[in-house]
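# From the sequence below, what's the structure:
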Amino acid sequence: MQDQASRCGFRELCRSGQPERFSPDAVNRTTLALLILLFVLGFSVVTCPAQLAGNSGPLGSPVFTVSKEVQEVNLVLTVTNRWGHFVHNLTESDLSILDNDRPVEKITYFQPQTDLPLRVALVVDTSSSIIHRFGFEQKAATAFLHRVLRHDSDLALVIGFNQQVTVAQPATEDMNLLSAGLKKLKPEGETAVYDGVSVACQELMHVKDNQPSRRAIILITDGEDNHSRIGLQQAVERALRVEAVVYVLSTNPEYTISLAEEGDRSMRHLAEATGGRLLRADSQSDVASAFSKIAKELRSQYAIGYKPANQGPDGLFHRLSVLGPKKFHLFHRSGYYAR
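Numbers count the residues shown, from 1 in each chain. As a prediction, this is how the structure comes out:
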């Protein structure tokens, strides 16, 4: 009888056959055990939101979680005075940034004379229209890479284009490979400028960085596109999406036929919309001077980060305006695609 009663626990019977009443001590112990169990379960819910986020409720409905995405926009700014010299002494308070005509919420970082690692795509026109200038362009491009690239942090790649686009050398820090890539290029055929820019954007996108970097496309061309599958605006959009500034070295003479003038207008728009410049490069001295200006500018820019006033990336194009002292000229990309 005693063994049977022991197996029954709290429901054991007395010798009289009547249920035995719970003692006050047994009730207190039970209550305490329940309180401890509830506390442990509650603590697990509070301290393990990541685990809950991966679970689902009844019928597959997700467990309620709260998340907030903070968007930061990166901006590179070039400032020059009336003589074209770079201005290095501006402070954050000297500038006002408008994102879609709205003041930004806050500037997250401000770095004068940015020293970010460079990712440079050298895009060379190899069509038949530039045959007589091609030799010194190759030499100047090689000298530019030797001058601007730092072997411990920078990368460059070489692309040639006529009616087709050729990646002569993917991104590398090896100057020998880059020089060999330039020597591979031979001028002939038609001109697909915008396709060349598009492939450069794809190559730059494939370069994976664990830190902020500066992407630049150096485009050497006469700008007379006659074979691209995409247009000017698509080329601009692709450059903006990969945050690449485009510098165009125009090989057209300063005074030339109307077709060449149209090419210069298109190239100026491509450059200025991305924050770059159109530079004259129709002679050997001009090419060397243009490369020298680009090399100096890439190391003389302001790197700025800010949080826009909108609540998050919407995938749309946002116009950018940077206002500063009126006596200076400010160069930056026209906008960005929020993502």
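
# Give me the next element, helix or strand, following the helix or strand of the chain with the lowest mean pLDDT.
Lowest by mean pLDDT, DSSP states H and E among the helices and strands of the chain is helix 49-53, with a mean of 37. Counting by DSSP states H and E, the next helix or strand C-terminal to helix 49-53 is strand 73-80.

# now that following strand, how far from the chain's geometric center?
14 Å (C-alpha atoms, centre = their mean, to the nearest Å).

# do stretch 125-144 as well
In terms of C-alpha atoms, centre = their mean, the centre of stretch 125-144 is found 30 Å from the chain centre.

# do stretch 303-314 as well
13 Å.

# Ok, stretch 144-157 next?
With C-alpha atoms, centre = their mean, you get 19 Å for stretch 144-157.

# swap in stretch 276-293?
Between the centre of stretch 276-293 and the centre of its chain there are 27 Å (C-alpha atoms, centre = their mean).

# buried stuff in it?
276-282, 286-291, 293 (16 or more other C-beta atoms under 10 Å). Yep, even glycine has a C-beta here, placed from its N, CA and C like the rest.

# buried set for the helix or strand harbouring Val199?
Using DSSP H and E, Val199 maps to helix 193-206. Using 16+ other C-beta under 10 Å as the test for burial, helix 193-206 gives 193-201, 203-204.

# Direction included, what does the next helix or strand after that helix pair against?
Scanning forward in sequence from helix 193-206 by DSSP H and E, the next helix or strand is strand 214-221. Applying DSSP bridges, strand 214-221 is found paired with strand 118-125 (parallel), strand 244-250 (parallel).

# Below-threshold pLDDT in the stretch 151-300 of the chain: ranges please.
Scanning the stretch 151-300 of the chain for pLDDT under 70 picks out the ranges 253-260.

# can you give me the strands in it?
155-161, 165-172, 214-221, 244-250, 278-280 (DSSP state E, counting those that start in this stretch).

# just the angle between the third one and strand 155-161, please?
Strand 214-221 runs at 30 degrees relative to strand 155-161, counting by axes from the mean of the first three to the mean of the last three C-alpha atoms, to 10 degrees.

# Walk me through the domains of the chain.
As assigned by automatic domain parsing, the chain contains the domains 2-60, 73-112+304-337, 118-298.

# got the strands of the stretch 151-300 of the chain as a markdown table, with distance to Ser334 columns?
Compiled in a markdown table, the strands of the stretch 151-300 of the chain are given as follows (distance: least, C-beta to C-beta, whole Å):
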| stretch | distance to Ser334 |
| --- | --- |
| strand 155-161 | 24 |
| strand 165-172 | 25 |
| strand 214-221 | 16 |
| strand 244-250 | 11 |
| strand 278-280 | 15 |
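
# which stretch among these comes nearest Leu316?
Closest to Leu316 of the strands of the stretch 151-300 of the chain, according to C-beta to C-beta: strand 244-250, at 19.6 Å.

# Give the buried residues for the closest one.
244-250.

# between that strand and helix 193-206, how many degrees?
Going by the same axes, to 10 degrees, strand 244-250 makes 140 degrees with helix 193-206.

# List the contacts of the nearest residue to Thr126 once chain neighbours are set aside.
Leaving aside its chain neighbours, Thr126 sits nearest to Gly160 (4.3 Å; criterion: C-beta to C-beta, 6 or more residues apart in numbering). By C-beta atoms under 8 Å, 6 or more residues apart in numbering, the contact list for Gly160 reads 123-126, 166, 168, 184-185, 196.

# Please pick the buried ones from the residues you listed.
Using 16+ other C-beta under 10 Å, the buried ones in those are 123-126, 166, 168, 185, 196.

# Which single one of these is nearest to Ile304?
For the buried ones among the contacts of Gly160, the nearest to Ile304 is Val123 (26.5 Å; C-beta to C-beta).

# OK, contacts around that closest one?
Contacts for Val123 (C-beta under 8 Å, 6+ apart) come out as 159-161, 196-197, 200, 217-221.

# same question, Ala192
Contacts for Ala192 (C-beta under 8 Å, 6+ apart) come out as 161-165, 225-229.
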